[in-house]
Structures are given as C-alpha cells and as structure tokens.
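Chemist: okay, sequence plus prediction incoming.
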Amino acid sequence: LLQMRGICKRYPGVVALDRVDLDVAAGDVLVLMGENGAGKSTLMKVLAGAVRPDAGEVLIDGRPARITDPQAARRLGISVIYQELTLVPHLSVAENVFLGKAPRVAPGLVHWSRMREDAAQLLRGLGTPLDVRAPVARLGIAQQQMVEVARALADEARVLVMDEPTSALSAAEVDQLFAAIERLAGRGVAIVYISHRMDEVFRIGQRVTVLRDGRHVATMGIGETSPGHLVRLMADREIAEQYPPRRAQPREPALEVEGL
C-alpha cells in the first residue's frame, strides 16, 4: 500500500535521513524503532507532508504520490496522530472528529444531527462509545486518543501513523487502544506504530523497522527478532545491562511527613 524509497533530508550540519526505505502493506502493523535522533519523526513528517524531502519518492498503491503539504497527505489517505494531541478542548467530540470537514445542509450551515451520528458511529466502530456532544476537555487521555483516531477515519485514512500513543495511558487504556488498532488492521488500514517500549513491539507489531543515525538498518518479522537483538540494532553495540542495578548506601532521612 505504501512505499517510501530513498528518502533524504538534510539540515545544516545534520543528515536527518539518508536514503531511507519503508514499506507497509494494507492491514500491516509496522513498528518503527530507533534511538532519539534516529530519524523516525522526520521520516513521518515527510509522509505527512509537513517536511519536504531533498530526494526520494513516496508511492501509494505502486503509483508515485506528490505530497506537498498535510492536505495532500490527507487526500491520499495518510493521517498522523502525534504524541502531542491536536484536539480543540472547548469543542465537542463530534466537532473535533469533523474539524474542517463538517457535513453541511447548505453553504455555511452545519448538518449537526448527521455530524453527531457519523461521529458516534466511528467511535462505536473503535469500541469506544462516547457522548459526542461532550467537550473534549472533559475526556481522559485515552478517550482523546480515540477521538484522534476517529478523526483520521473520518478522513478515510488508509495509512495511520501513531507516534508513542501509549506514553500517558494506563495498562487498561493501552488494552483498549490495542484492541482498536487490531480492528483497524483487520479492515485493511496500514498502521505505522512508533514506540520505544519493547513489550508493545512484540504485542502489537507484525513487522519492525529499525532506523539508526538517519539510515534504515533492518526490517524483519516480529518472530525473527528479540528485545536484545533490537537494542543492538538501535545502539550499534552490545548493551549487557539495559537497567543496571542501583547501589546506594542507606542514610538518615532528610524529610519525614506523617498524617498529611
């Protein structure tokens, strides 16, 4: 469904992307990994139309796609959900889902009942029925994530990028999000999932692509790798202890609080 070929991006003194390739099939959940500065965010910004590459091409369904800006990406069915959510807190759930594309009964007149029903239907399909009239500010982070996903589906997204979506979620909320991802993949949506969390990689991913220093290092099936292998690919060195034990001598407490 999606191919990125030879993507290059240079900034003064920095090569952010050096001939990077990426492939995602319909219904695939591809985990994109790499240390900070590896080029993950820049690559996804190229896909989203937020950054112009210096070289390379993007193909959708095998045909070259001209992604000049975020609107062009959305028209091609590419949606990105960034780590910092882009919802408007004082607007309702339905208004956020259809922000900038509300159905109309006439020029300048919003078809409110249709917008609310369509938003409710999208959220039910994600397994997250919400009050679509409620302001987004009243929702928890996990529910706001689902509103972002519903907004992407309202754009008829075929490729959905999720950047560290579980960073502020509880374990139960992560389960809910992963169930929604599985539903989307089952419908043929291609998912690019950016994460540093190894347990998530092996739980939700079907394939994994590793970037290092702006270069594509490897792409493989989840069953072909291990946490230690991925760490070596990302860091380009052996790391014997990912979480070294802390050794501290017990000392007198500097502060004690009781019955607060």
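Modeler: Cool, got the structure.

Chemist: how far away is residue 247 from residue 253?
Modeler: 19 Å (C-beta to C-beta, to the nearest Å). (Each C-beta comes from the backbone N, C-alpha and C, glycine too.)

Chemist: please disregard the earlier target; I meant residue 53.
Modeler: Taking C-beta to C-beta, one finds residue 53 at 56 Å from residue 253.

Chemist: these two: which has the busier surroundings?
Modeler: Using other C-beta atoms under 10 Å, the more surrounded residue of residue 53 and residue 253 is residue 53, with 22 against 6.

Chemist: and the more buried one, how far from residue 159?
Modeler: 17 Å.

Chemist: where along the stretch 1-150 of the chain do the strands fall?
Modeler: Counting by DSSP state E, counting those that start in this stretch, one finds strands in the stretch 1-150 of the chain at the ranges 2-11, 14-24, 29-33, 55-60, 63-65, 78-81, 104-106, 109-110.

Chemist: ugh, typo on my part, it should be the stretch 151-260 of the chain
Modeler: Ranges of strands in the stretch 151-260 of the chain, per DSSP E, counting those that start in this stretch, are 159-163, 190-194, 207-212, 215-221.

Chemist: can you lay out those strands as JSON lines showing mean pLDDT?
Modeler: Shown next, in JSON lines, are these (pLDDT from 0 to 100):
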{"stretch": "strand 159-163", "mean pLDDT": "92"}
{"stretch": "strand 190-194", "mean pLDDT": "94"}
{"stretch": "strand 207-212", "mean pLDDT": "94"}
{"stretch": "strand 215-221", "mean pLDDT": "94"}
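
Chemist: reformat the ones you listed as TSV; add distance to residue 130 and mean neighbour count.
Modeler: Output for the strands of the stretch 151-260 of the chain, formatted as TSV (distance: least, C-beta to C-beta, whole Å; neighbours: other C-beta atoms under 10 Å):
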stretch	distance to residue 130	mean neighbour count
strand 159-163	19	24
strand 190-194	22	23
strand 207-212	32	22
strand 215-221	35	16
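
Chemist: reformat the ones you listed as a markdown table; add distance to residue 175.
Modeler: Listed next are the strands of the stretch 151-260 of the chain as a markdown table, based on distance: least, C-beta to C-beta, whole Å:
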| stretch | distance to residue 175 |
| --- | --- |
| strand 159-163 | 15 |
| strand 190-194 | 15 |
| strand 207-212 | 21 |
| strand 215-221 | 24 |
